[in-house]
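>>> generate a structure from the sequence data that follows.
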Amino acid sequence: KEHLEHPDWEVVTREGEPVRILCTDLDDDDYPVAAVVRNFHVDKYTAGGLFQAGEETKYDLFFAPKKHEGWANVMHNILSNKGYLITVFGSEEEAKSHAKNSTLATVKIEWEEEQ
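Prediction:
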């Protein structure tokens, strides 16, 4: 958590509550970040997103994991007699257009990546 302000990244509390960063430059060396939690109350945080300096709490701020989804073909591996995934595609149609005779299924996959 180098900086809690980025236009494309959602910020949440440790428990996943939505947060809106108001500013990151308060005139406070210890707590320069102001944020609204659950559109309910304003709190101040350290530059690293801690509610209480030096201590972890359920109110600490994090970048929410970014959710992704795509489509992949599950192929039959003759050597191991198991399935495996190939490239992830943006749509089911695109994945199916790359299917081969050894394709067992075209499946939707979802994953999260840390920011």
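
>>> center of the chain, which residue is that?
Pro65 (1.5 Å; Cα atoms, centre = their mean).

>>> which one is that one nearest to, not counting chain neighbours?
Once flanking residues are discounted, Pro65 sits nearest to Glu112: 3.8 Å by Cβ to Cβ, 6 or more residues apart in numbering. Bear in mind the C-beta positions are built from the backbone N, C-alpha and C, glycine included.

>>> tabulate the CA atom coordinates of the helix or strand containing the one you found in PDB.
Assigned by DSSP states H and E, Glu112 falls within strand 103-113. The C-alpha trace of strand 103-113 is given here as PDB (Å, rounded to 0.1, in the frame of the first residue of the first chain):
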ATOM      1  CA  THR A 103     -11.200 -29.800 -26.600                       C
ATOM      2  CA  LEU A 104     -13.200 -31.400 -23.800                       C
ATOM      3  CA  ALA A 105     -15.200 -28.200 -22.900                       C
ATOM      4  CA  THR A 106     -15.200 -24.400 -23.100                       C
ATOM      5  CA  VAL A 107     -15.600 -23.000 -19.600                       C
ATOM      6  CA  LYS A 108     -16.000 -19.700 -17.900                       C
ATOM      7  CA  ILE A 109     -13.300 -18.900 -15.300                       C
ATOM      8  CA  GLU A 110     -13.200 -16.200 -12.700                       C
ATOM      9  CA  TRP A 111     -10.200 -15.000 -10.600                       C
ATOM     10  CA  GLU A 112      -9.100 -12.100  -8.400                       C
ATOM     11  CA  GLU A 113      -5.800 -10.300  -8.500                       C
END
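
>>> how about it: buried residues?
Within strand 103-113, the residues that qualify as buried are 103, 106, counting by 16 or more other Cβ atoms under 10 Å.

>>> same check on stretch 89-99?
Judged by neighbour count using 16+ other Cβ under 10 Å, the buried positions of stretch 89-99 are 89, 95.

>>> Provide the strand pairings for the lowest-mean-pLDDT helix or strand in the chain, with the direction of each partner.
Ranking every helix and strand in the chain by mean pLDDT, DSSP states H and E puts strand 82-85 at the bottom, with a mean of 75. Strand 82-85 has these partner strands in its sheet, going by DSSP bridges: strand 66-77 (antiparallel).
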